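Q: I would like the atomic coordinates for the input below:
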Amino acid sequence: MDTLRTLFDDYIAYAAKLRKETASIKSVLGMRDREIYDAGHRNFDEAVEKWVTAFAATEPTQQALKEALEIILFQAVGNEEKAAYWYLCAVQRHAMVLLPLLDDASRAEVLAQFEAQYPKGRRLPLQNDIVKLLSKGTGRKRWGWLSMRG
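A: Reported below is the predicted structural model:
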């Protein structure tokens with residue numbers, strides 16, 4: 001878990017440093033190619049994916065799963081105005097490997113926290129997919145015309 005925390009902490013610091021280094025009149029005018037397409041973002045994404053794959057293979061406990069998901073799903077919270085925000089949201093997709101490993105009680109717990117931090121109507125499409133996965137087994141019923149379709 002320390003490795004995962006370090007990945008996120010180092011990336012947040014890296015993204016802030018990159019933004020500072022690339023801050024100029026060009027970035028103010030929207031020409032932020034170096035900041036946006038820097039290889040460090042891809043490296044972070046790949047490192048998180050690799051960590052999640054290895055972690056899932058260890059048959060983690062429910063507590064360990066919740067701890068890992070806390071890091072992956074909620075690091076974006078509080079970083080909304082910072083350079084790393086969108087990439088912290090993007091790597092949330094790697095949590096989808098871990099969600100099926102949660103038992104129903106843990107899934108409901110993580111779902112409640114996720115919905116509190118990412119309210120409906122303000123979520124990214126990826127975050128809606130995460131809510132759908134977390135909702136399985138929680139006893140929630142889907143309402144509306146979509147639930148009527150066979």
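Q: which residues are in contact with the strand or helix carrying residue 4?
A: Using DSSP states H and E, residue 4 maps to helix 2-22. With contact meaning C-beta atoms under 8 Å, 6 or more residues apart in numbering, helix 2-22 is reached by 32, 34-35, 38, 40-41, 44, 47-48, 51, 55, 68, 71-72, 75, 79, 82-84, 87-88. (Each C-beta comes from the backbone N, C-alpha and C, glycine too.)
Q: Just the buried residues of stretch 46-64, please?
A: 47-48, 51-52, 55-56, 60 (16 or more other C-beta atoms under 10 Å).
Q: Among the contacts of helix 2-22, which lie within helices?
A: 34-35, 40-41, 44, 47-48, 51, 55, 68, 71-72, 87-88 (DSSP state H).
Q: Make CSV from the buried residues of stretch 46-64 and add pLDDT to it.
A: Below are those laid out as CSV (pLDDT from 0 to 100):
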residue, pLDDT
47, 98
48, 98
51, 98
52, 98
55, 98
56, 98
60, 98
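Q: Report the central residue of the chain.
A: residue 92 (2.1 Å; C-alpha atoms, centre = their mean).
Q: which ones are touching that residue?
A: 72-73, 76, 126-127, 130.
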